[in-house]
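K.L.:
quick one: sequence plus predicted model below, questions after.
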Amino acid sequence: MYRFSIDKEDWILRFSPNVHIEKDVKQAIVSSIIHMGKDLSTFPHGESFLLFTESLGVIIFNIERVPSLILKLVTVVPKDQWYKQNGSIIEKYKG
């Protein structure tokens, strides 16, 4: 769990227990979130958002506003597990 502040709002970043990430990577994620700044405060309670990173892939977050401002890292989906649908065809994403 990490605590951080953005524009006088105190946030808690929690990591889902099923997500195993090294401590230095967690710190890099916190830094990225802080750079979002005021955008983070625009999400309502229960909303989710994605963060695309070159090193990890897609990181999925969920916002909780009750009882505190909590940002939960739900999961990380590595790029090699991305798929793209084009009509009825589903294939590996090549991006």
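P.N.:
Arrived safely, thanks for sending.

K.L.:
every contact and neighbour count from this point should use C-alpha atoms.
P.N.:
Will do.

K.L.:
contacts for the longest helix anywhere in the chain?
P.N.:
Among the segments of the chain that qualify as a helix by DSSP state H, the longest is helix 23-36. Residues from elsewhere that reach helix 23-36 (CA atoms under 8 Å, 6 or more residues apart in numbering): Tyr2, Phe4, Ser5, Ile6, Leu13, Leu40.

K.L.:
what's the neighbour count on the fourth one?
P.N.:
Burial of Ile6, expressed as a neighbour count using other CA atoms under 10 Å, amounts to 16.

K.L.:
that one bridge partners, please.
P.N.:
Glu9 (DSSP bridges).

K.L.:
so Gln85 makes contact with Lys94?
P.N.:
No. The criterion here is CA atoms under 8 Å, and Gln85 misses it with Lys94 at 11.9 Å.

K.L.:
re the thing from before, just the buried ones from the contacts of helix 23-36?
P.N.:
For the contacts of helix 23-36, a burial check counting by 16 or more other CA atoms under 10 Å picks out Ile6, Leu13, Leu40.

K.L.:
now do the helix or strand hosting the second one: distance to the chain's middle.
P.N.:
Under the criterion of DSSP states H and E, Leu13 resides in strand 9-15. Its chain's C-alpha centre lies 12 Å from the corresponding centre of strand 9-15 when counted by CA atoms, centre = their mean, to the nearest Å.
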